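Trainee: Sequence first, then the predicted structure, then my questions.
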Amino acid sequence: MAQHFLLSATARTLSLKAIYRMGEEKSHEAFCKMRWPETNGAPICPCCGCAAAYNITTRRRFKCKACHNQYSVTSGTILASRKMSFTDLLAAICICVNAAKGLSMLQLSRDLNCQYKTVFVLVQKLREALASEVAGKRLSGDVEIDGAHFGGHIRPENLVENRKDRRLSKHKTGKSRVVVIMRERKGRTLPFVVRHEYDGAAIIPEIVSTGTRIYADEATHWDPLHGKFKTYRINHSEGYSIDGANTNQAESYFSRLRRMVSGQRHHVSSQYLHCYALEAAWKEDHRREDNATLAGRMLDLAMAHPVSGNWKGYWQRAICA
Ligand SMILES: [Zn+2]
């Protein structure tokens with residue numbers, strides 16, 4: 001059997017050892033090069049676009065010669081107002097991309113010796129940046145679709161006679177959500193969070209181009225797709241793949257997401273499920289890339305992403321509440 005990719009030396013091109021050996025100055029340079037690739041890291045004012053700036057080296061900030069605005073390498077990006085050092089930020093990115101199934105924020109906070117909330121907000125911002133890679137993306141060719149339930153766990157009572165039938169809707173908490181996945185064979189993976197699996201059939205035509213071949217399982221709520229697409233079905237009670245009809249790539253995605261949710265997060269709220277679903281999709285799509293490429297890709301997306309509307313001021317809001 002061929003060696004697993006993550007066991008091979010080609011998968012390991014970046015290490016925490018290398019990041020901390022680089023130090024703060026070199027880490028800052030790496031951020032500058034990602035932010036301003038067109039000038040090879042020389043600053044460009046985010047206010048007026050002027051390339052002439054004074055370098056305030058003691059504070060790692062720049063002052064625009066034209067409009068006198070002071071800015072840093074992260075100003076105007078999703079990492080604006082950061083408090084962490086550039087070395088710690090790079091380390092956080094490295095640890096995140098190394099965790100193929102994601103990692104718990106408590107673990108990351110212990111790794112970096114900072115508060116849980118700091119890394120929670122940081123990683124949520126990074127996830128938002130990852131999502132921009134597929135924003136507005138439409139799928140075509142061969143697309144597999146599937147749905148799976150997450151969340152809404154009902155804890156069984158101690159005594160058997162007190163236990164409820166958890167399959168009945170009257171006993172459900174209403175917190176469960178369905179992740180509907182659309183996965184292009186040899187292409188991108190797009191997850192959507194909906195309340196019911198049949199809601200997924202309605203959004204598929206908005207994301208999938210006409211002429212696409214769709215692969216789905218035997219669940220009846222996918223039946224309407226036959227009228228819009230060439231649709232192939234696989235009955236899982238008969239086999240996993242018959243005559244090329246299978247949803248195995250979609251199942252692989254759910255395998256990663258399930259391990260992420262049950263093995264790392266343990267609890268997932270419906271509010272944040274889409275964030276984890278997006279992270280799993282990004283990791284699935286780039287699973288054969290070495291970790292330096294992945295870290296570079298994540299940093300590149302963060303540096304190109306504007307300030308987050310969802311996460312900016314999270315600390316202040318939380319304190320007021
Ligand atoms: Zn300026």
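Mentor: That came in fine, so what should we check first?

Trainee: And for residue 41, the neighbour number?
Mentor: 16 (other Cβ atoms under 10 Å). Just so you know, the C-beta spots here come from the backbone N, C-alpha and C atoms, and that holds for glycine as well.

Trainee: pLDDT averaged over the one helix or strand residue 198 maps to - what is it?
Mentor: Element membership for residue 198 (DSSP states H and E) is helix 197-207. Per-residue pLDDT values over helix 197-207 give a mean of 88.

Trainee: If you count neighbours, what's buried in that helix?
Mentor: Of the residues in helix 197-207, 197-198, 200-201, 204, 207 count as buried by neighbour count, 16 or more other Cβ atoms under 10 Å.

Trainee: Tell me the buried residues in stretch 293-308?
Mentor: Neighbour-count burial for stretch 293-308, with 16+ other Cβ under 10 Å as criterion, is recorded at 294-303, 305, 307-308.

Trainee: Just give me the closest of these to the ion.
Mentor: In terms of Cβ to the ion, no member of the buried residues of stretch 293-308 lies closer to the ion than residue 307, at 17.5 Å.

Trainee: Report the contact partners of the closest residue to the closest one other than its chain neighbours.
Mentor: Nearest non-adjacent residue to residue 307, counting by Cβ to Cβ, 6 or more residues apart in numbering: residue 80, 5.2 Å away. Contacts for residue 80 (Cβ atoms under 8 Å, 6 or more residues apart in numbering) come out as 74, 307, 312.

Trainee: Could you single out the nearest of the residues you listed to residue 184?
Mentor: Closest approach between those and residue 184, by Cβ to Cβ: residue 307, at 31.0 Å.

Trainee: can you tell me how far that closest one sits from residue 314?
Mentor: Residue 307 sits 12 Å away from residue 314, going by Cβ to Cβ, to the nearest Å.

Trainee: With residue 122 instead?
Mentor: Separation of residue 122 from residue 314 (Cβ to Cβ): 10 Å.

Trainee: do the same with residue 24
Mentor: For residue 24, the distance to residue 314 - Cβ to Cβ - is 25 Å.

Trainee: Can you tell me which of the buried residues of stretch 293-308 is nearest residue 184?
Mentor: Using Cβ to Cβ, those come closest to residue 184 at residue 297, 18.6 Å.

Trainee: What helix or strand is the closest one located in?
Mentor: Secondary structure (DSSP H and E) places residue 297 in helix 291-304.

Trainee: now swap in residue 157 and tell me
Mentor: Per DSSP H and E, residue 157 falls between elements, in no helix or strand.

Trainee: what number of residues lie near the residue lying closest to it once chain neighbours are set aside?
Mentor: Of all residues beyond its chain neighbours, the one nearest residue 157 is residue 163 (4.9 Å), with distances taken as Cβ to Cβ, 6+ apart. Residue 163 is flanked by 12 other residues according to other Cβ under 10 Å.
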